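1. can't give you the sequence, but here's the structure:
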């Protein structure tokens, strides 16, 4: 895939509250970063900013493919998958209908039914699914269209042991094919990752950012 993403001097705010100050890192094909830190430290905000849903307070996020810079609207729209902490599913659609909707929306084909053990759930409305089943259904859209950067917010949280291993296998396959993953986690992922611990800004940093 050849995409690499660089974050330089990034500061993020939530309202008037400075969450992240002067963050720097780079991610390249085949790499996975585990975001850790206390609740409210900005892990979800960082993922949403990387996905293009939020604007930085300061600093830059740049993406390059084969040393050519990619316009933000292009790599946000066609090179990233964001899987939030809350599953974005329509409660009145069946699993089959939700899969088709997601495939049509992404411009891909329905995928992941067998890999994610969804076959026996196809006629159920999503409102009746357990938290783990909803997470597996949400994960299917990452398989419908190949995009190099997966931004995952607590991807394993609602899953049982067996399905954690299943999802871990799909994540490792993505990495082996040159993909990248940035995941906010409380518990370690079941394979080797590069850790990035977010710390709360100091009082001096918060004061400087408010000027």
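-> Sure, I can see it. Bear in mind that the values here come from a model prediction, so they are computed numbers and not experimental data. Residues are numbered from 1 along each chain as shown.
2. any low-confidence regions in the chain?
-> 1, 211 (pLDDT under 70).
3. Show me the domain layout of it.
-> As assigned by automatic domain parsing, the chain contains the domains 3-79+147-209, 92-140.
4. mind checking which of those domains is nearest residue 85?
-> domain 3-79+147-209 (4.3 Å; Cβ to Cβ). Where C-beta positions appear, they are placed from N, C-alpha and C, glycine not excepted.
5. End to end on that closest one, go ahead and measure it.
-> 31 Å (Cα to Cα, to the nearest Å).
6. Would you mark the buried spots in the biggest helix by length in the chain?
-> Using DSSP state H, we find that the single longest helix of the chain is helix 161-176. Using 16 or more other Cβ atoms under 10 Å as the test for burial, helix 161-176 gives 163, 164, 166, 167, 168, 170, 171, 172, 174, 175.
7. can you list contacts of that helix?
-> 30-32, 115-117, 132, 136, 139, 142-143, 150, 155-156, 159, 181, 189-191 (Cβ atoms under 8 Å, 6 or more residues apart in numbering).
8. In strands, which of the residues you listed fall?
-> 32, 150, 181 (DSSP state E).
9. Quick check: the second one vs residue 124, distance?
-> As defined by Cβ to Cβ, to the nearest Å, residue 150 lies at a distance of 26 Å from residue 124.
10. So those two - more neighbours on which side?
-> Ranked by neighbour count (other Cβ atoms under 10 Å), residue 150 and residue 124 place residue 150 first, with 22 against 15.
11. and the residue nearest to the spatial centre of the chain, what does it touch?
-> With distances taken as Cα atoms, centre = their mean, the residue of the chain nearest its centroid is residue 151 (1.7 Å). Contacts here follow Cβ under 8 Å, 6+ apart; on that basis residue 151 touches 47, 50, 51, 80, 81, 82, 83, 182, 183.
12. For the third one, which non-adjacent residue is closest in space?
-> Looking back up the chat, that one is residue 51. residue 82 (4.1 Å; Cβ to Cβ, 6 or more residues apart in numbering).
13. Tell me where the protein has helices.
-> 43-50, 72-78, 95-106, 131-139, 141-144, 161-176, 203-209.
14. and of those helices, who's closest to residue 13?
-> Judging these by Cβ to Cβ, what sits closest to residue 13 is helix 203-209, at 7.3 Å.
15. Does anything pack onto that closest one? Which helices or strands?
-> Packed against helix 203-209 by the contact rule (3 or more Cβ pairs under 8 Å, 6 or more residues apart in numbering; DSSP states H and E) you find strand 17-27.
16. And the strand it packs on, what's buried?
-> Buried, per 16+ other Cβ under 10 Å, within strand 17-27: 18, 19, 20, 21, 23, 27.
17. distance of residue 92 from residue 59?
-> The value you get for residue 92 to residue 59, if Cβ to Cβ is used, is 41 Å.
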